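# Can you look at this prediction? I've put the sequence above it.
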Amino acid sequence: MNLFNSITIGFKEIWAHKFRSLLTVLGIILGVASLVAMSALVKGMENGLRAALIEIGGVEKVRIEDQDIPQTQMHLADQAVGNTIKDVYALQQSAPLLKTISPEMRLRNAVITRDGKMFQSWNFVGTWANALDMNQHVVEHGRMFNDIDEENAASVCVVGTSLRDELFGSPEKAGREINPVGEVVSINGVPFTIIGMFKHYESDMDRKLRELEKDKPQEQTGPTRSRGWGSRGSGMGGFVYRMKNMTVYIPLQTMWVKFRSASGTNNTPDPRLSSLWIKVNDVDQLDQALQQSRNVLLQTHRGIEDFAFRTQEDWADQINTSITNARLSGGIIAAISLLVGGIGIMNIMLASITERVREIGIRKAIGATDSSMFIQIIVESMVIALLGGVAGLIASAALIELLVILSPTENTPMITVNAMALSFISSAVVGVLAGLLPAIKAAKLSPIQALRYD
C-alpha cells in the first residue's frame, strides 16, 4: 500500500466518523492555537519592552549617580562634592570612548502655571541640548534651545505634550492641533517662553485606542472627561512614555542661575548635578568606557569614590528574564493542550482498530505486511493531527483577537512565522506519537485471530 492510498484511507475514516473526529481534532486545534497565541502575546510584549528601552536611550546609556562614601574614606567626607560640571568637562577631554555626555540639574515638584491653570512636573530638568540624543527626544514644533540660550541663561523651555494638555488643552478635546510654541508660562513664579514641544510618545495600544476614540461618534451630551494620552500603560513601557510626555527642559545655566544658585543648605550655592548621563560609542566596549570614566572621575573627585555607574543592562536582563518566563509558562500550557489532543487521537485510533480488526485480518491474509499496517495507522493519525494543525493556525488569529478584547495588553500581539511553523510541526509530532501504540497494536494482530474476531 503506497502513501497516497494510506492518506486516502485516513480521510475516509475521518469522514466516516465525522463527529468523533471533530472532537478529536478539536484538542489539536486548541493546542496549536494556544501555542501561536501565546507566542504572539509574548512577542508583542517583547517588542514593547525593547521599544521602551530604546526610547530611553538603549543599553549604551549609563547614569553616573552619587553614592555613599566607602567606610575607608569616611575621613574625607567633608571634601566630597558629588558630581559637578567639572566632571563633565574632564570626561569630554579625557574619555574618548564616550559619545555623548549630558549633565542634569533637577528641580523637584516644579509648579508651572498659566491663566489660573496649574501643571506639576516631576521631570523638570536643566540640561544641555544634547539631551535630545541622549534621551531619544524629537522636537515636533519649534526648536531646542542652543548654546546662545545656554550662555545667556535664557528663560526658555521645551515641553512635553502633558504640559500642553493641562495648560492649553488637548487635541482630543479641541478637535484640532494645539501648538503652545511662543506662549509664556510661569515656572515657580519665573516667566518662561516655550520655544519647542516634543512629539507625543505612546505605546501601540494607546495609539490604537486614541484613534478608535477619535473615530467613535460623540453621542453623549454633557461634560466629557479626557483619559489622557499615554496614561493607560501600566508596565515599564507605559512609565517611559508618561515620563517623556511629562518632560520640561530648560538650559542648564538657566536652572543654575534662577533656581539652584541659592537653593542649597543655608541658602548657599549648590554646584552638584542631580545626575550625569553618558553614552558610549560602542556597547561592546562598555566595560572599557566605564573604567575610563571611573579613572577620570577619581581624578576630579580627589580619589574619593562617591559616585557609581548605573547601566541599563539590568533592564535589558529583566526584559530577557520576563520574556523567557512568559514563553516557558505559555509553552507549558500549550504543551498540555497538545498532549490532551494527542491522547484524543490515540483514543480514536485504538477505537478505529477495534472496529476494523476483521478488515486488518483480511489485508494481512492477502499479503499486507506488519510494516505496511504500521505505516498506515501512523499516516492516519498524522492526517488527523495535521488537519487539526491547519485549523489551529487559522483559529489562532481569532483567539488572539478574543484575548485582546477580554484582556487588553499594552503591546500589540504579533504572530511570527517561526511560531506558526513550530506549532504545525508540533501537531505532526503529536500525531506520530499518538499513533505509535495503535500502530504497534495493528501490526501485531494475527490474521487468524483477526478473522475470527466478532
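Okay, I see it. Residues are numbered from 1 along each chain as shown.
# mean confidence for the lengthiest helix in the chain?
For the chain, the helix that runs over the most residues, judged by DSSP state H, is helix 313-355. Average pLDDT, helix 313-355: 79.
# Run through the residues that contact residue 307.
Residues in contact with residue 307, defined by CB atoms under 8 Å, 6 or more residues apart in numbering, are 64, 65, 66, 67, 82, 83, 297, 301. C-beta: built from backbone N, CA, C; applies to glycine.
# try 7 Å
Residues counted as contacts of residue 307 (CB atoms under 7 Å, 6 or more residues apart in numbering) are 64, 65, 66, 67, 83, 297, 301.
# Those: which two are farthest apart?
Looking at the contacts of residue 307 by CB to CB, the two members farthest from one another are 65 and 301, with 13.3 Å of separation.
# Which one's more surrounded, those two?
In terms of neighbours (other CB atoms under 10 Å), residue 301 is the more surrounded of residue 65 and residue 301; the figures are 21 against 16.
# Retrieve the pLDDT associated with the more buried one.
Residue 301 is assigned a predicted lDDT (pLDDT) of 87.
# got it, and residue 244?
What the model reports for residue 244 is a pLDDT of 90.
# Chain neighbours aside, what residue packs nearest to it?
residue 201 (4.5 Å; CB to CB, 6 or more residues apart in numbering).
# State the number of residues packed around that neighbour.
Neighbourhood size, residue 201 [other CB under 10 Å]: 22.
# does it sit in a helix, a strand or a coil?
Remark: residue 201 carries the secondary structure label coil [criterion: DSSP: H, G, I helix; E, B strand; the rest coil].
# gap between it and residue 339?
Summarising the geometry, the distance separating residue 201 from residue 339, computed by CB to CB, to the nearest Å, is 43 Å.
# Whatever helix or strand residue 33 lives in versus helix 313-355: what angle between them?
Residue 33 belongs to helix 18-55 when elements are defined using DSSP states H and E. Per axes from the mean of the first three to the mean of the last three CA atoms, to 10 degrees, the angle that helix 18-55 makes with helix 313-355 is 170 degrees.
# buried ones in helix 18-55?
Using 16 or more other CB atoms under 10 Å as the test for burial, helix 18-55 gives 21, 24-50, 52-53, 55.
# Who are the packing partners of it?
Helix 18-55 sits against helix 236-245, helix 313-355, helix 370-406, helix 417-443, with contacts defined as 3 or more CB pairs under 7 Å, 6 or more residues apart in numbering; DSSP states H and E.
# Would you mind giving those helices as CSV with mean neighbour count added?
Shown next, in CSV, are these (neighbours: other CB atoms under 10 Å):
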stretch, mean neighbour count
helix 236-245, 21
helix 313-355, 17
helix 370-406, 20
helix 417-443, 19
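# Dump those into TSV; add distance to residue 291 as well.
Formatted as TSV, the helices and strands packed on helix 18-55 follow (distance: least, CB to CB, whole Å):
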stretch	distance to residue 291
helix 236-245	29
helix 313-355	15
helix 370-406	47
helix 417-443	39
